[in-house]
Every structure is written in structure tokens, then in C-alpha cells.
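Student: just coords:
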Ligand code: PSU
Ligand code: MN
């Protein structure tokens, strides 16, 4: 069995050197409520197609890692109760012929092996608050250290320990660039007080960095990716006071419910959507669309 199966559309685009952008499925399956999740999955693909970029939504269906889904595959990731699958889960799903929605880590892993160099998501996983005792740090970080993919993300969610996440990315030698920003963005909010070393202002600058990374790697594929931190435009961000208030409630609810491990992120996201009266969901969709657009521009620059 092939380790992954590119769709005919994705295979043709890669073969011909046309731009391709990978999209993850955990955000659809576990990060957004139904039925908006299906609309979002379709819309992200449409944004890419409207710019001449081939979408490669990635998921494991019936044991086969799929790179690029058809309409039925997109429906399945939105409507079925799929396992949340990180890199370590891929062989288990394959052995059991099971399906799973891929996290940023698993999506980046499969994208890199398929030859896709640009990936759009909402927010990268990171170091959870309290990680110094729970050890809860997303495999998104360590995986990016060994997968040559540019991940366009609106930073990481403010529910995480954001300074610790940036420290870990430094330790793992994953470069971080701010896209038209000097500070790290906070998912629903455009800016944190955490400065970044590097700022880029155009997709061509990102493409140049990706080419330099490739040139420096001597053909190796087990090399770091790139985190492109792309803030939501400030006029679209969530009200910061409301954000702080709802987050505090969400942490209290998670503690009370005793949620742990990989259930934490979906729990907090679901709670926050309800407690914000849906406002956080609209912001989440806006920042994800914004990331898809920037990823398209980068993929086009890279293919040029
Ligand atoms: N951030 C979001 N929405 C999400 C996720 C992150 O705003 O749905 C998902 C991504 O798939 C990410 C995963 O890879 O959560 C990280 O989960 P964990 O912390 O369990 O590694
Ligand atoms: Mn975790």
C-alpha cells in the first residue's frame, strides 16, 4: 500500500509544478461546529481554486492517507465523527482501515512527503498552559522541526502558553516570520506583546526563504519547515476585553470538567464559541480565510 494517496488533481498539479496548498482536517472535524465546518471546508478550497491554486485537503479515509479530497471526502471529514489523528496515529489508522482527521502535525507530515511546500491552517498547536507539570505540548511543534512545509497560521491560540511556544520553536530550530507584522499574533487577536526577530512583507520574500532552506538542506527532506505568523486584520479581531473574559470562563470550565490531553483544544474551542455567542467563531473563520489567501499567494510565488 502506498503511504499516501494524492488525488488525481493534486498529483497533476504537483507534476506540472503548479501551486498547491495543503489544508488540515482537524480544524474541520474538531475545531469548528457543524454545519459551519462543512461550509468552511468547501469555502477554503474555493478560495484557493479562485486563485488558480490546487487545494489539497488532507485526511485519513478508511486507512488511506488522502492528499486532496473529492466532495464526498470533504463531506465525510465534516459530518463523520472522526478520530483526531496526529503523526503517531497514522499507521494505526492504516492497520485498522480507520478514518481520522489530521492535525497540523499529521497534515504537515503528509504534505511534505507528497511534495507540497505550503499549508494553511487556523492556529498552530503549541505548549499548553501548565505544561511544566502536564508535559502537554502539541506534536505540531516537534513535527514542524522535521517537515519542510511553510505553515501559515494566525499565531497560536491565546489559550496556550504563547511565550513558551515561541521558546520551543526556537529550541527546535523552526524559523518564525511575521507576515506584515513585528509581533506574534494571538489567533483571535492581531497582536501579542511578543516581538519577532523577522518580518516579511510579501509572498515573494517567503518563497525566497523556502528556496534558501531547500538549498541549505542538500536534498534532505527531514529538515525544518517555516512558521508564517499571519495576523487577522485588526478591524476583524475579537474585542480584547471580551476575549479575556470568555477565556477565563473557558479555563474554569475545563478545570471543572477535568478535561485533559488531546481533548483540551476541542473542549476550549467549543466552549469559547458558545460563551462568545458565536463571535469567536466568526473571527476564527475570518482568520482562517485570511491564512488561506496568504498561503495561496506564497504557493503562487514559489511556483513562479
Ligand atoms: N487550533 C485551532 N483550531 C484547531 C486546532 C488548533 O484554532 O482545530 C487543532 C489543529 O489541528 C492542531 C491541533 O494541530 O488542534 C493541536 O492539538 P493538540 O494540542 O492536541 O496537539
Ligand atoms: Mn496535547
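Tutor: Cool, the structure landed. Keep in mind that what you see is a predicted model, and the values were worked out from it rather than measured. Numbers count the residues shown, from 1 in each chain. Ligands and ions are numbered 1, 2, ... in the order given.
Student: Could you pull out the strands in the stretch 101-250 of the chain for me?
Tutor: Here the stretch 101-250 of the chain has its strands, by DSSP state E, counting those that start in this stretch, at 118-120, 150-153, 176-179, 199-200, 226-229.
Student: Tell me the helices and strands packed up against the shortest one.
Tutor: The one in question is strand 199-200. Contact here means 3 or more C-beta pairs under 8 Å, 6 or more residues apart in numbering; DSSP states H and E; on that basis strand 199-200 packs against strand 176-179. For every residue, glycine as well, the C-beta is placed using N, CA and C.
Student: Can you tell me how far the closest residue to residue 138 other than its chain neighbours is from residue 71?
Tutor: Leaving aside its chain neighbours, residue 138 sits nearest to residue 125 (2.8 Å; criterion: C-beta to C-beta, 6 or more residues apart in numbering). As judged by C-beta to C-beta, to the nearest Å, residue 125 and residue 71 stand 28 Å apart.
Student: what about the two, which has more around it?
Tutor: residue 125 (26 against 9; other C-beta atoms under 10 Å).
Student: contacting residues for that one?
Tutor: Residue 125 is in contact with 103-105, 138-141, 156, 160, 265, counting by C-beta atoms under 8 Å, 6 or more residues apart in numbering.
Student: I'd like these laid out as CSV, including distance to ligand 1 and neighbour count.
Tutor: As requested, the contacts of residue 125 are arranged in CSV below (distance: C-beta to the nearest ligand atom, whole Å; neighbours: other C-beta atoms under 10 Å):
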residue, distance to ligand 1, neighbour count
103, 3, 30
104, 3, 28
105, 6, 25
138, 3, 24
139, 6, 18
140, 5, 28
141, 9, 22
156, 7, 28
160, 8, 26
265, 4, 24
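Student: pLDDT-wise, what's the bottom of those?
Tutor: Within the contacts of residue 125, residue 265 has the lowest pLDDT, namely 85.
Student: For that residue, give its distance to residue 156.
Tutor: Remark: distance between residue 265 and residue 156 (C-beta to C-beta) = 11 Å.
Student: show me the residues around residue 86 that make contact.
Tutor: With contacts defined as C-beta under 8 Å, 6+ apart, residue 86 is in contact with 102-103, 105-106, 139, 143, 262.
Student: for residue 27, that is, sorry about that
Tutor: Applying C-beta under 8 Å, 6+ apart to residue 27 gives the contacts 40, 121-122, 288.
Student: again with residue 144
Tutor: Residue 144 neighbours (C-beta under 8 Å, 6+ apart): 104-105, 108, 124, 151, 169, 172, 174, 224-225, 227.
Student: separation between it and residue 90?
Tutor: Taking C-beta to C-beta as the measure, residue 144 falls 16 Å from residue 90.
Student: that older thread, present the contacts of residue 144 as TSV; the columns should include distance to residue 181.
Tutor: What follows is these, written out as TSV (distance: C-beta to C-beta, whole Å):
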residue	distance to residue 181
104	20
105	24
108	22
124	15
151	16
169	16
172	22
174	18
224	21
225	19
227	13
